[in-house]
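Participant: next one to model:
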Amino acid sequence: MKRWWWSFSVAFLLGSASAEEVSVEEDNQIEPIPIFVAAYEFPPYYSSRMPKHFLGDLVHELNERQSTYQFLIREVRPQERYEAISDVGCCDVIFFESEIWGWKPDMNYVASPPLIHGSDRMYSLQNEYWQPLPEDRLGGVVGYHYNFTQYQIDAGKSERDYMMYRADSQQTVLTMLRNQRIKFAILTDEYVNWLKVEQPQLISGIYAAPDPDGTYTTQIIMRENSAISQQELMDIIYALIREPDIQESLARYSLTLAIDDVNDTQTAPNATQIE
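Facilitator: A predicted model of the protein is given here:
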């Protein structure tokens, strides 16, 4: 009886010690530091209306490849993105943004080198002319910067001075064009290229202007006091974009990397009807 009790006691103590070790290990686990990523409606980079988008793919891989940080997408309106990245803002970083889109030196941000080429251009149901007439209405998106409107984003001024109606998304602008409510729609080539693959029926019969309205290269913009440094983030990004999964996503969304490319413009195709 004593031998049985002694064996039971030893087993109990060993089990308790093991449980305590597991508890200590769990207590010593460091929770990842949250990094909030601001995102606004800008397909195919990000869209709450799409089941998948490139930012979602990238954030998934960022969280899979390291455990120090947890990247979390937080949606904001386009016109709110500057405040979101400010010292008192809700977010640490915004991907696929360009400094030429209203960012000022006194906003206390840091910007990465160029990441991805982009362009926007006029699309229309006709191909007779590409210089809008005074009575022609155009469609654009609230908060987007266009060369055609001299990069100002005020909706009232856009309509009054440029006959541009500002909608909530590129999808709405495209619908307005197809319903002949506007003569021209300014859409990003990235969005149209994505539609060619995913939803070609939406752009069937639409013409693309021979020249872009504007070209740009998107960057990563982050607030100066972000929990992650620019160097550390860019080291992770540069490693990720060479991975097969991200290369596949870039191809799927028809996105062109600007890294290691000194040419920051995109060759425009000739005006053709989208079949």
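Participant: from what I see, Gln171 and Arg49 are in contact.
Facilitator: Yes - with contacts counted by CB atoms under 8 Å, Gln171 reaches Arg49, the gap being 6.5 Å. Where you see a C-beta, it was placed from the backbone N, CA and C, and this is true even at glycine.
Participant: and those two? Which one has more around it.
Facilitator: With neighbours defined as other CB atoms under 10 Å, Gln171 and Arg49 compare such that Gln171 has more, 20 against 9.
Participant: that one is in what secondary structure piece?
Facilitator: helix 170-178 (DSSP states H and E).
Participant: mind checking how far the residue nearest the centre of the chain is from Pro134?
Facilitator: Central residue of the chain (CA atoms, centre = their mean): Tyr45, 3.7 Å from the mean position. To Pro134, Tyr45 is 34 Å away according to CB to CB, to the nearest Å.
Participant: next: Asp57.
Facilitator: The gap separating Asp57 from Pro134 is 44 Å, by CB to CB.
Participant: ok, the two, which is more surrounded?
Facilitator: Between Asp57 and Pro134, counted using other CB under 10 Å, Asp57 has the larger neighbour count: 17 against 5.
Participant: with adjacent residues omitted, what lies nearest to that one?
Facilitator: Among residues not flanking Asp57 along the chain, Ser249 sits closest, at 4.4 Å (CB to CB, 6 or more residues apart in numbering).
Participant: roughly how far does the one you found sit from Phe54?
Facilitator: In terms of CB to CB, Ser249 sits 6 Å off from Phe54.
Participant: where in the protein is the helix or strand with the lowest mean pLDDT?
Facilitator: When each helix and strand of the chain is scored by mean pLDDT, DSSP states H and E, helix 2-28 comes last, with a mean of 47.
Participant: what are the boundaries of the helices in the stretch 101-250 of the chain?
Facilitator: Ranges of helices in the stretch 101-250 of the chain, per DSSP state H, counting those that start in this stretch, are 155-162, 170-178, 189-198, 230-240, 244-252.
Participant: which among these is found nearest to Tyr146?
Facilitator: helix 155-162 (8.5 Å; CB to CB).
Participant: give the buried residues for that closest one.
Facilitator: For helix 155-162, the neighbour count (16 or more other CB atoms under 10 Å) marks 158, 162 as buried.
Participant: and the contacts of it?
Facilitator: 138, 140, 142, 148-149, 152, 164-166 (CB atoms under 8 Å, 6 or more residues apart in numbering).
Participant: just the buried residues of those residues.
Facilitator: Applying 16+ other CB under 10 Å to the contacts of helix 155-162, the neighbour count classes 138, 140, 142, 148-149, 164-166 as buried.
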